[in-house]
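J.: dropping the sequence and predicted coords here.
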Amino acid sequence: MYSMPVWLNAIFNAKHRQKSAKKKLLNGLLSEFNIPTFYTAIFIHEDFSNHFLPNIIAYYLYTSLSYCFSKLSRKNIWFTINLYIFFLILPSIAYPLLICINKFYFHDKLPPSCGFSGIISALIGLTPISILAYLKNSKVLKQIDKPLISIFLASILLIPYIYRQPFIPITIIFLLIISIWINRENLKAFYKHIKKTAIQNFGLFFLTILSIPSYFIGILGMFPTQIVYKSSIIDIISHYLGWIIGFFLSYVLLKIDN
């Protein structure tokens with residue numbers, strides 16, 4: 001499952017290695033409802049160094065982080081279910097939505113998109129839920145609902161910063177401060193756990209410390225200021241949808257699993 005994107009990218013990019021073939025496929029992507037064509041486009045990239053390689057690195061980074069914490073919390077099946085949902089169901093939702101937005105809002109003028117960054121966005125959303133599942137399983141947290149709200153508010157607070165809005169929404173800052181105050185006992189418990197882990201298990205300590213900035217860097221990477229890249233549009237819609245599904249659907253599935 002983890003090596004599947006590499007093989008599919010190799011197959012489809014080899015099949016459409018000629019620019020004319022790739023352009024033909026992408027140009028027909030948003031003009032007609034064709035699921036096989038859309039799935040093919042997911043595994044086609046504009047180039048190797050600027051599109052394919054960053055996607056592959058991000059895929060393995062966030063898959064590995066989520067997998068490690070899922071394994072530590074004994075949630076292997078939960079993790080696998082999420083992964084299948086991201087690959088099979090997420091594109092099936094994103095594609096019709098993109099078709100409708102292109103038709104009714106952009107009047108069929110939206111440039112085509114390619115690559116599987118929407119799936120990567122879902123994996124980014126899965127990462128903090130995997131960490132919270134591990135912390136709850138380790139008895140560091142009694143419940144994950146309150147920390148989840150704080151992480152979500154901190155995440156959406158980055159979006160106005162990315163797009164250089166003239167002001168950061170005061171409401172979000174206010175809610176985030178309240179949320180942090182409500183989570184003060186959880187933060188103390190997490191700090192004690194980190195100190196203990198740094199002494200007893202440096203590998204786990206390093207993994208935990210790595211995962212937190214990696215998640216927020218992933219949020220910054222999901223929403224670039226340059227929307228159009230070469231002949232394709234960066235599919236921000238799939239990024240938002242992927243992150244929301246990865247974040248909230250994995251949380252719902254975790255609650256069901258518990």
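T.: Done, it's in.
J.: from here on, just use CA atoms for contacts and neighbour counts.
T.: Fine.
J.: what about Leu141, which SS state?
T.: Remark: Leu141 carries the secondary structure label coil [criterion: DSSP: H, G, I helix; E, B strand; the rest coil].
J.: how near is it to Leu132?
T.: In this structure, Leu141 and Leu132 are separated by 8 Å, where distance is defined by Cα to Cα, to the nearest Å.
J.: ok, those two, which is more surrounded?
T.: Summary of the neighbour comparison: Leu141 and Leu132, criterion other Cα atoms under 10 Å, with Leu132 having more neighbours (22 against 18).
J.: what's near enough to touch that one?
T.: By Cα atoms under 8 Å, 6 or more residues apart in numbering, the residues touching Leu132 are Leu141, Ile144, Pro147, Leu148.
J.: please enumerate the helices of the stretch 51-200 of the chain.
T.: 53-72, 76-88, 90-104, 117-137, 145-162, 170-182, 184-200 (DSSP state H, counting those that start in this stretch).
J.: what about Tyr251, how many neighbours?
T.: Considering only other Cα under 10 Å, Tyr251 is surrounded by 22 other residues.
J.: hang on, the earlier thing: pick the most buried one from the helices of the stretch 51-200 of the chain.
T.: Mean neighbour counts were compared across the helices of the stretch 51-200 of the chain using mean count of other Cα atoms under 10 Å; the top stretch is helix 117-137, at a mean of 26.
J.: for it, the averaged confidence score.
T.: Computed over helix 117-137, the mean pLDDT rounds to 92.
J.: same thing with stretch 59-70?
T.: For stretch 59-70, the mean confidence score works out to 93.
J.: please put the alpha-carbon coordinates of that stretch into PDB.
T.: Included here for stretch 59-70 are C-alpha records, laid out as PDB according to Å, rounded to 0.1, in the frame of the first residue of the first chain:
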ATOM      1  CA  TYR A  59       3.500  11.100   1.200                       C
ATOM      2  CA  TYR A  60       6.100   9.000   2.900                       C
ATOM      3  CA  LEU A  61       6.700  11.500   5.700                       C
ATOM      4  CA  TYR A  62       3.100  11.800   6.700                       C
ATOM      5  CA  THR A  63       2.300   8.200   6.100                       C
ATOM      6  CA  SER A  64       5.200   7.100   8.300                       C
ATOM      7  CA  LEU A  65       4.400   9.500  11.100                       C
ATOM      8  CA  SER A  66       0.700   8.500  11.200                       C
ATOM      9  CA  TYR A  67       1.600   4.800  10.900                       C
ATOM     10  CA  CYS A  68       4.200   4.900  13.700                       C
ATOM     11  CA  PHE A  69       1.700   6.600  16.100                       C
ATOM     12  CA  SER A  70      -1.100   4.300  15.000                       C
END
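J.: which residues of the stretch 101-250 of the chain score low on pLDDT?
T.: 101-115, 160-169, 224-235 (pLDDT under 70).
J.: mind redoing it with 90?
T.: Screening the stretch 101-250 of the chain residue by residue with the criterion pLDDT under 90, one finds the ranges 101-119, 142-143, 150, 153-180, 182, 198, 203, 219-242.
J.: possible to save the helices of the stretch 51-200 of the chain as JSON lines with distance to Ser214?
T.: Putting those into JSON lines (distance: least, Cα to Cα, whole Å) gives the following:
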{"stretch": "helix 53-72", "distance to Ser214": "8"}
{"stretch": "helix 76-88", "distance to Ser214": "19"}
{"stretch": "helix 90-104", "distance to Ser214": "22"}
{"stretch": "helix 117-137", "distance to Ser214": "9"}
{"stretch": "helix 145-162", "distance to Ser214": "12"}
{"stretch": "helix 170-182", "distance to Ser214": "20"}
{"stretch": "helix 184-200", "distance to Ser214": "17"}
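J.: closest one to His239 among those?
T.: Between His239 and the helices of the stretch 51-200 of the chain, the shortest gap by Cα to Cα is with helix 117-137, which sits at 4.7 Å.
J.: wait, Ser250 sits on Ile81?
T.: No: with contact defined as Cα atoms under 8 Å, Ser250 does not reach Ile81; the gap is 9.1 Å.
J.: that older thread, which one of the contacts of Leu132 is nearest Asn183?
T.: Using Cα to Cα, the shortest approach to Asn183 within the contacts of Leu132 belongs to Pro147, at 6.5 Å.
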